[in-house]
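Q: Here is my input; please provide its structure:
(one chain, ligands or ions: 2)
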Amino acid sequence: MATVFISYASADEGVARGLKAFLDGEGVSTYFAPAHARSGQFVAALANEVMKARVVIVVASAATTDQTWVDEELTFARTHHKEIIPIVVGDYASIPAWLSFIIGPLQRYYYDSKSEQPFQRIGEALRLLKNRGRVISVLNMKGGVGKTILTANLSTAVHARDDLSTLLVDFDPQHNLTQLFFSLVRKEEFWEKKLSVASLLAEEDHAFPTEFPSLLSVSSGAASFELIPGTDQLLEFTLGLQDPIALERAKAAFKQRLGALRDRYRLILIDLNPAATFLTRCALESSDHVIVPVRPEQFSGVGLNLLAKLINYQRKSGFVPDMPGGFTTILNGVGDNQVAVADAGLDDRVRQNIAESLTLGRTLCPISLPKNRFLRATATSIPLNPLGVTAWYRPHSPTTLKELLYNAGRFAFDRAGVLHAP
Ligand SMILES: Nc1ncnc2c1ncn2[C@@H]1O[C@H](COP(=O)(O)OP(=O)(O)O)[C@@H](O)[C@H]1O
Ligand SMILES: [Mg+2]
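A: Ligands and ions are numbered 1, 2, ... in the order given. This is a model prediction of the structure:
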């Protein structure tokens, strides 16, 4: 998958080719369409490549008069919230007005034809971007499919082995994730100190906490592993009681704060409510990737259809991560003996349904998670420490639950571009 899309006008093809050669040398994958290939139907293919890219670098010069191509590519990049890095050739003041309007607010880099390494600073900018954390939402309109249990367990398993700095965000008014990790008393202490996800939506900046409760007790990792506690205060946002302007402001605050948190954590995982609400929109518009847990059951298809509708609707109104790279569907709760008695082929049938789904067809994680008593939340204990799980999930299986959780988590996180180092 191309991670950098190079947008340029034909007059600047030489500079664009030089940039491509430089990025090739840096091991950065690029998408570069030769100028002579740009014609007619090609624009749809270009749009597709922009979608797949993480960053769009635009070569901007006085000669950027191929407004159709560059403008189209940049408009597409902006609609899909791609990072845009302008590299200016020559005098900035001579760049056409339509282009300086787009790149004006962005950090600019200059092409110095006399320098031996004219793209060096672009390389540094890309390295900084690459180091920023990734945001993943865990989403399904259905309740009880394992959103919360997988948020907790996939992150714990991966944190324990890869020692990845991780932040969990309990963005469900029911705040089960918080209750998995903390007692009622601790939870109320957090609320008294105004330490909750509500602060992500708050208008005043001073209300935003600088530190969050640590979860290091459930992982053997050393890198930070923290949770922004949930709160039932979020309920008012799901009911849409605020006026639209206040909601937009809250959403903007949420996106901006999550963006800043990317500098502190490699992985930010958001556990969502089982519905399409304002909270769902906030999370989707801030995410690079979406994990969709699916339980093998008779009506799981209905949940998936609803989800497909939401994705399409969201795509029309704004941003949603790309398909299929932007989604990972994980089948959770397979090999249930009780179900097998009544309906032996259910797991495979649901797998097949997902594979045939137009929207989610190619998103299925090859590792399914078993129905397992270690993944069942109980009222009295934190059931989540995968390191404590030594039981074989099936008597003769060579893979422990811990490894399955790690592998499924790593599969989804890799797709999202989460780095392996702390
Ligand atoms: N693979 C599994 N094996 C056993 N129990 C599970 C499994 N996945 C989820 N559960 C249990 O099912 C219930 C619902 O899971 P949860 O993660 O809370 O769903 P959601 O967040 O989607 O509503 C919880 O009690 C959880 O412990
Ligand atoms: Mg939940």
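Q: Am I right that Asp271 falls within a strand?
A: Yes - counting by DSSP: H, G, I helix; E, B strand; the rest coil, Asp271 is part of a strand.
Q: How about it, nearest residue that isn't a chain neighbour?
A: The spatially closest residue to Asp271, leaving aside those adjacent along the chain, is Thr151, at 4.1 Å (Cβ to Cβ, 6 or more residues apart in numbering). To be clear about C-beta, it is placed using only N, CA and C from the backbone, and glycine gets the same treatment.
Q: Now the phi/psi pair for the residue in the chain sticking out farthest from the centre, please.
A: Within the chain, the residue lying farthest from the chain centre (Cα atoms, centre = their mean) is Lys114, at 40.0 Å. Torsion angles at Lys114 (phi, psi; degrees, to the nearest 10) stand at phi -80, psi -20.
Q: Pull up the per-residue confidence for it.
A: Per-residue pLDDT puts Lys114 at 85.
Q: Quick one: end-to-end distance for stretch 56-71.
A: End-to-end distance for stretch 56-71: 12 Å, by Cα to Cα, to the nearest Å.
Q: List the contacts of the residue farthest from the centre of the chain.
A: For Lys114, no contacting residues are found, by Cβ atoms under 8 Å, 6 or more residues apart in numbering.
Q: Ala157 versus that one, what's the distance?
A: From Lys114 across to Ala157, the span is 52 Å (Cβ to Cβ, to the nearest Å).
Q: What is the neighbour count of the closest residue to Ile85 other than its chain neighbours?
A: Closest residue to Ile85 apart from its sequence neighbours, by Cβ to Cβ, 6+ apart: Ile57 at 4.8 Å. If you count neighbours by other Cβ atoms under 10 Å, Ile57 ends up with 26.
Q: One more: Gln242?
A: Gln242, neighbours per other Cβ under 10 Å, totals 15.
Q: pretty sure it is touching Ala250, no?
A: Yes - with contact defined as Cβ atoms under 8 Å, Gln242 reaches Ala250; the gap is 7.3 Å.
Q: Which pLDDT value goes with the residue nearest to Ile85?
A: 94.
Q: got the phi/psi numbers for it?
A: Dihedral angles for Ile57 - degrees, to the nearest 10 - are phi -100, psi 130.
Q: For ligand 1, see how far away the nearest residue to Phe119 once chain neighbours are set aside is.
A: Leaving out its chain neighbours, the residue that sits closest to Phe119 by Cβ to Cβ, 6+ apart is Phe22, at 4.1 Å. Distance, Phe22 to ligand 1, using Cβ to the nearest ligand atom, to the nearest Å: 46 Å.
Q: and Phe22, what helix or strand is that in?
A: Under the criterion DSSP states H and E, the helix or strand holding Phe22 is helix 13-25.
Q: so when I look at Asp170, I'm seeing a strand, right?
A: Yes - the assignment for Asp170 (three-state DSSP) places it in a strand.
Q: Mind pulling up the pLDDT for the closest residue to it other than its chain neighbours?
A: Counting by Cβ to Cβ, 6+ apart, Asp170 lies nearest to Gly230, which is 3.2 Å off, once chain neighbours are set aside. pLDDT recorded at Gly230 is 97.
Q: Next: Asp347.
A: 91.
Q: Pull the contacting residues for it.
A: Counting by Cβ under 8 Å, 6+ apart, Asp347 has contacts Pro296, Leu331, Val334, Gly335, Ser368.
Q: Any idea how many residues pack against the closest residue to ligand 2 within the chain?
A: Going by Cβ to the ion, ligand 2 is nearest to Thr148 of the chain, at 3.3 Å. Neighbour count of Thr148, defined by other Cβ under 10 Å: 27.
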